[in-house]
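S.K.: here is the input, now give the coordinates:
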Amino acid sequence: MVRRLLVPLLAALVAAGARAQNTDQDLPHSDSLRQGAALHDVIRKGTLEGRFRLFLMGTINDGAPLDHHAQAIGGSLGFASQRWKGLQFRMSGGYAFDLWSSDLTAPDPLTNQPNRYEIGLFDVTAPRKDDQLAYLQLFQLNYRSRNERTLLVLGRQEINTPFINPQDGRMQPTLAEGFWGSYRTARGLKLQSGLLYGFAPRSTAGWYSAEKSIGIYPVGLGVDGKPSRYAGNITCPGVAMAGAQWTGPRKLTFSAWEVVMANVSNTAMVQAERGGRDDRWMVGAMAIRQDKLGNGGNPADSLAYFQSDASMALSGRFRMNMGRFRWQFNYTRITADGRYLMPREWGRDPFYTFLPRERNEGLGDVHAATVNLIWRAKSGWRIQGDVGRYWLPATTDAALNKYAFPSYLQLGLNAHYQFNGDWKGLAVQFLNVAKLAAPGAVYSTKQAVNKVDMFHTEVVINYAF
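M.R.: Below is the predicted model:
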């Protein structure tokens, strides 16, 4: 009980000190990118940066299956040197404490299914009742050119792309290790590429090689309907990525991405959008094609990650702004050629129909449609209501339904409030999600628990500086 009271008090005291530090750093200072500076001064005059997070989460399942709740506090604290001839050193560490949670290690006595959401606030690889986690996050040397068009990063870093991204919906984001570079021309073209060989997936407290990071989360079923066995059996020395984005006249944007998982798969995406966020209307479309590379990760098909020969997905959006209100209609089609596969440990789905707390990765032959209604207030509130309908293959069709997920309806209410003035950097989020089995869906209680016929709620308080 004493620890539970001291941890939030200590976090509040540190946050207060961090706010004062942030005020000092807002004062003008010399730019070592353009002026000479001794190495001693470059380090000494660096900045403190970080984030503190309090996360409250709960899930209620319909009927007899167990309900769960979890409360965690933590964040990250880091250091960034001043730039010297364009170079900068950054490092940070992340930590999380369990304040008060139900027993997240006990499987549901009715279905023998493990906890799905709340355990993700801690380390899913070593679940226990009282988690206290700490690990190194960022550790990098980066270079920014004088005209700020070129950025090169070597080491542990945060990358945000359609397929590898922070998916920052737990205590710590997903991070990557390797080399990453970006270049922006004067004519609206942005190029990005890199080679990644390590990952720190969210909901873990450590770093893994690319191949060992695949399978940390639940692995579902193989195409033969038997439990997948690819975790720990994949040969994939790294991931090569390249992307290009061009913004032309009349706010027309074209994007293309290529993701090569060595010996596993190749994923290509093209995307086009017309209109900006604040324009009267916007329309967008994307197409994704995946093909097996080598042996899909292992010569034995039962141990391979990518067991289909190919997969194809299409997604589109139409958006209209009406003053402070905005509505979006989205549609996604994953064809029946095979499962759309991308390690969940690396990021969330890029589809326009993505809604918080569920994905369509591991599925084929999918139709998905969602509507988003968004309201922005001058006071700092952003409130979004979501309705989604997802037509999935039968739960018995393992070849196209990796996690035996029934077709479902999803309703969500997501509210954010961003503070300003003296409380700048503080934000609060309230998320409520209800997932219901679609009419006519055939499924068992085991296939429903923590998936459908459930209600999920979150309260998140963030302070960043």
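S.K.: show the model's pLDDT score for the residue positioned nearest the centre of the chain.
M.R.: Compute the mean C-alpha point of the chain, and by C-alpha atoms, centre = their mean the closest residue is Gln167, 1.0 Å away. We have a pLDDT of 93 for Gln167.
S.K.: name the nearest residue to Asp301, ignoring sequence neighbours.
M.R.: Among residues not flanking Asp301 along the chain, Gln307 sits closest, at 6.1 Å (C-beta to C-beta, 6 or more residues apart in numbering). Heads up, the C-betas are built off the backbone N, CA and C, glycines and all.
S.K.: touching, the one you found and Gly222? I think so.
M.R.: Yes. With contact defined as C-beta atoms under 8 Å, Gln307 counts as touching Gly222 (6.4 Å).
S.K.: pick out whichever of the two has more residues nearby.
M.R.: For Gln307 against Gly222, the residue with the higher neighbour count under other C-beta atoms under 10 Å is Gln307, and the figures read 22 against 19.
S.K.: contacting residues for the more buried one?
M.R.: Gly222, Val223, Gly296, Asp301, Arg339 (C-beta atoms under 8 Å, 6 or more residues apart in numbering).
S.K.: and it, helix, strand or coil?
M.R.: Per DSSP: H, G, I helix; E, B strand; the rest coil, the secondary structure class of Gln307 is coil.
S.K.: so how far is Arg359 from it?
M.R.: When C-beta to C-beta, to the nearest Å is applied, the distance between Gln307 and Arg359 equals 19 Å.
S.K.: now the two most distant members of the contacts of Gln307.
M.R.: Asp301 and Arg339 (13.9 Å; C-beta to C-beta).
S.K.: between these two, who's got more neighbours?
M.R.: When neighbours are counted by other C-beta under 10 Å, Asp301 and Arg339 differ, and Arg339 comes out ahead with 24 against 13.
S.K.: list the residues that contact the more buried one.
M.R.: Val223, Gln307, Ser308, Ser311, Gly362, Leu363, Gly364, Ala399, Leu400, Lys402.
S.K.: pLDDT value on it, please?
M.R.: Looking at Arg339, its pLDDT stands at 98.
S.K.: phi and psi next, for the residue nearest to Asp301.
M.R.: Dihedral angles of Gln307 (phi, psi; degrees, to the nearest 10) stand at phi -100, psi -20.
S.K.: also Gly222?
M.R.: Dihedral angles for Gly222 - degrees, to the nearest 10 - are phi -80, psi 170.
S.K.: which residue packs closest to it, ignoring adjacent ones?
M.R.: Spatial nearest neighbour of Gly222, chain neighbours left out: Ser228 (4.8 Å); criterion: C-beta to C-beta, 6+ apart.
S.K.: show me the contacts for that neighbour.
M.R.: Contacts for Ser228 were tallied using C-beta under 8 Å, 6+ apart; they are Gly215, Val219, Gly220, Leu221, Gly222, Lys402.
S.K.: same thing with Glu49?
M.R.: Glu49 is in contact with Leu77, Gly78, Phe79, Ala80, Ser92, Phe465, counting by C-beta under 8 Å, 6+ apart.
S.K.: can you list the residues that contact the strand or helix carrying Gly93?
M.R.: If you go by DSSP states H and E, Gly93 is part of strand 87-98. Outside of strand 87-98, the residues within contact range by C-beta under 8 Å, 6+ apart are 7, 43, 49-50, 70-82, 121-122, 129-144, 171-172, 205.
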